[in-house]
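> okay, sequence plus prediction incoming.
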Amino acid sequence: MKYSYYPGCTLKNKAVDLDRYGRESAKALGFELEEIETWQCCGGVYPLGADEIASKLSSVRALVDARDKGQDLITLCSACHHVLKRVNDDMKNVDDISTRANNYMALDTPYKGETNVLHFLEVLRDRIGFDELKKKVTNPLKGKKIGAYYGCLLLRPGKIMAFDNPENPTIIEDFIRAIGAEPVIYPYRNECCGGYISLKEKELANTMCDNICHSAKGFGADMLVTACPLCMYNLNKSESDIPVYYFTELLAEALGLKEGADNE
């Protein structure tokens, strides 16, 4: 199975492990990520202004590219996924935005939200299946107690993202079980890390991250796993010494594609 793949800017520099191990794991699991050749930055933040069109056009271009290839569009970065999914919803359901964006781009075939946008974790759950993933694991991560850190962007707004239950998600815990480890449920797993205030309000963001890390550690987690480069950056600044990994790193380890995280 071949999917269009939108990597996003951060996966080309600071988050190369999220990208690299996602690509390698996809091959091992029997599907292909075909990177969109002319992708542009998604902007990193979904523009809330109802009249804001220009900031959404790079997402529309990626969505159109996937549609024209007849492929679903996969993302790995939580922020990119959030922006693409919400812009796609706009193009499908908000007539004013859809009309203005299509007029600006002068497409031969107007785009109306036809592309299906999936996060890599959704492919594992809904296309591969966690039971099938478990069969592919050659190096189960037995004995590791892992806290899933969802953050904000994958889960909210719940009706548009439709990723999981925004208040009580289970997809990453199910993923952790599939790779042979033990998920740790802790109170702060879907609380904000302070991502977009980390430069302006450093102390507040640090406090938010400390609360998350101490909560996970207090409930017995040995490490945290995330899909968000910004969350990774913030959580790694916490005074807690709990390590944080991208979910693709642990997936690759379980599939026998990389050395264990504890040995790096």
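That came through fine.

> span of stretch 46-64 from start to end?
One end of stretch 46-64 to the other measures 18 Å (Cα to Cα, to the nearest Å).

> now do the buried residues in it.
Buried residues in stretch 46-64, counting neighbours by 16 or more other Cβ atoms under 10 Å, are found at Tyr46, Pro47, Ile53, Ser55, Lys56, Ser58, Ser59, Val60, Arg61, Ala62, Leu63, Val64. In this view, the C-beta of every residue, glycine as well, is placed from N, C-alpha and C.

> and if you look at stretch 155-163?
Buried residues in stretch 155-163 (16+ other Cβ under 10 Å): Leu155, Arg156, Met161, Phe163.

> so what's the residue nearest the centre of the chain closest to, chain neighbours aside?
In the chain, the residue lying closest to the centroid (Cα atoms, centre = their mean) is Ser78, at 3.2 Å. Once flanking residues are discounted, Ser78 sits nearest to Cys228: 3.7 Å by Cβ to Cβ, 6 or more residues apart in numbering.

> got a list of what Cys80 touches?
Applying Cβ atoms under 8 Å, 6 or more residues apart in numbering, we find Cys80 in contact with Tyr6, Pro7, Gly8, Cys42, Gly44.

> just the strands in this protein please.
Per DSSP state E, the chain carries strands over the ranges 2-6, 32-35, 73-75, 117-119, 145-148, 182-184, 223-226, 244-246.

> any chance of these in TSV, with mean pLDDT and mean neighbour count too?
Output for these, formatted as TSV (pLDDT from 0 to 100; neighbours: other Cβ atoms under 10 Å):
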stretch	mean pLDDT	mean neighbour count
strand 2-6	98	22
strand 32-35	98	14
strand 73-75	98	26
strand 117-119	98	24
strand 145-148	98	24
strand 182-184	98	20
strand 223-226	98	24
strand 244-246	98	22
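
> got the ones you listed as JSON lines, with distance to Val137 columns?
Conversion of these to JSON lines gives the following (distance: least, Cβ to Cβ, whole Å):
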{"stretch": "strand 2-6", "distance to Val137": "22"}
{"stretch": "strand 32-35", "distance to Val137": "20"}
{"stretch": "strand 73-75", "distance to Val137": "21"}
{"stretch": "strand 117-119", "distance to Val137": "20"}
{"stretch": "strand 145-148", "distance to Val137": "14"}
{"stretch": "strand 182-184", "distance to Val137": "14"}
{"stretch": "strand 223-226", "distance to Val137": "15"}
{"stretch": "strand 244-246", "distance to Val137": "16"}
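
> show the low-confidence segments of the stretch 151-264 of the chain, by residue range.
Within the stretch 151-264 of the chain, the stretches with pLDDT under 70 are 260-264.

> list the buried residues of stretch 21-40.
Tyr21, Gly22, Arg23, Glu24, Ser25, Ala26, Leu29, Phe31, Leu33, Ile36, Trp39.

> isn't the third one right up against Leu33?
What it means is Arg23. Yes. Using Cβ atoms under 8 Å, Arg23 makes contact with Leu33 at a distance of 5.7 Å.

> list phi and psi for the residue of the chain most remote from its centre.
Taking Cα atoms, centre = their mean, the residue of the chain most remote from its mean C-alpha position is Asp108, at 31.3 Å. In terms of degrees, to the nearest 10, the main-chain angles of Asp108 are phi -60, psi -40.

> show the model's pLDDT score for it.
On pLDDT, Asp108 comes in at 91.

> swap in Asn139?
Per the predicted model, pLDDT is 98 at Asn139.

> so what's it up against?
Gly180, Glu253, Ala254, Leu255, Gly256, Gly260.

> and Gly195, by the same measure?
Gly151, Cys152, Ala205, Cys228, Leu230, Cys231, Asn234.

> now distance to Tyr104 too, for those residues, in TSV please.
TSV is the format used below for the contacts of Gly195 (distance: Cβ to Cβ, whole Å):
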residue	distance to Tyr104
Gly151	32
Cys152	30
Ala205	36
Cys228	30
Leu230	29
Cys231	33
Asn234	35
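
> ok, which pair from the residues you listed is furthest apart?
Spanning the widest gap among the contacts of Gly195 are Ala205 and Cys228, at 13.9 Å by Cβ to Cβ.
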